[in-house]
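> sequence and predicted structure are below.
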Amino acid sequence: MKFQNILILSLFLLLLGCGQAPLSKEQQLRQDLAQMEVLAEGKKTSELMAYFDESFRPDNGWSQKDIQRMLHFRFMKHKSVHITQVLKETEWLSDNEVRVEVAAALGGTPISDISAISEARAQLMKFDVVLQRHDDHFKIKSVKWQHAYPTDFL
């Protein structure tokens, strides 16, 4: 009897999973960006690196290993990591490739409201990222970053 209940529950969950409509490319992009934020806040460097495309080559000549070491060092340096991001611009280069501009505040405590950015003790960064879709997930193909200002979050 117990096996029969498990089988029925498994089939029910399988049917629920099959009935969901696939996400649009915009929804998938937002979901992947949100997941990257969660992984960064959780200091999960290896899992975050899975979002980097195999062909990823930063302009400054760093390798993926260099990026992983830099992230790991930054995460270890801080007791906690909180990210507040604002998607500033989205430009679809093709059906599977997109360029996004993201302003991010990286701090040790949560920032409750974007209007509090100027008072927050956070590192403000602006990222220009090209992502490419692979198997229904977007991966970072290239990234440029620079310091940002509170006005970049408006």
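Yes, it's here. Numbers count the residues shown, from 1 in each chain.
> show me what counts as buried in the strand or helix carrying Leu29.
Per DSSP states H and E: Leu29 is located in helix 25-41. The neighbour-count check on helix 25-41 (16 or more other Cβ atoms under 10 Å) flags 29-30, 32-33, 36-37, 39-40 as buried. Every C-beta, even on glycine, is put in place using the N, C-alpha and C of the backbone.
> the residue sitting nearest the centre point of the chain and Glu47, how far apart?
Nearest residue to the geometric centre of the chain (Cα atoms, centre = their mean): Met36, 2.5 Å. From Met36 across to Glu47, the span is 9 Å (Cβ to Cβ, to the nearest Å).
> how many neighbours does Val100 have?
20 (other Cβ atoms under 10 Å).
> ok, now Leu93?
For Leu93, the tally of surrounding residues (other Cβ under 10 Å) stands at 12.
> mind showing which ranges of this structure have poor pLDDT?
Scanning the chain with the threshold set as pLDDT under 70 gives 1-21, 59.
> how about the strands in it?
Ranges of strands in the chain, per DSSP state E, are 82-94, 97-107, 122-134, 137-147.
> which non-adjacent residue is nearest Leu23?
Excluding its sequence neighbours, the residue lying closest to Leu23 (Cβ to Cβ, 6 or more residues apart in numbering) is Gln31, at 6.6 Å.
> Glu47 now?
Closest to Glu47 by Cβ to Cβ, 6+ apart is Leu39, at 5.1 Å.
> now the phi/psi pair for the residue nearest to the residue nearest to the centre of the chain when sequence neighbours are not counted, please.
Nearest residue to Met36 in three dimensions, chain neighbours excluded: Tyr51, at 5.4 Å (Cβ to Cβ, 6+ apart). Note on Tyr51: its backbone torsions stand at phi -90, psi 10 [degrees, to the nearest 10].
> for Ser115, see how far away Tyr51 is.
Between Tyr51 and Ser115 the computed distance is 30 Å (Cβ to Cβ).
> show me which of those two is the more surrounded one.
Neighbours per residue (other Cβ under 10 Å) separate Tyr51 from Ser115, with Tyr51 holding more: 18 against 11.
> my read: that one touches Asp32, true?
Yes. If you go by Cβ atoms under 8 Å, Tyr51 and Asp32 touch, sitting 6.9 Å apart.
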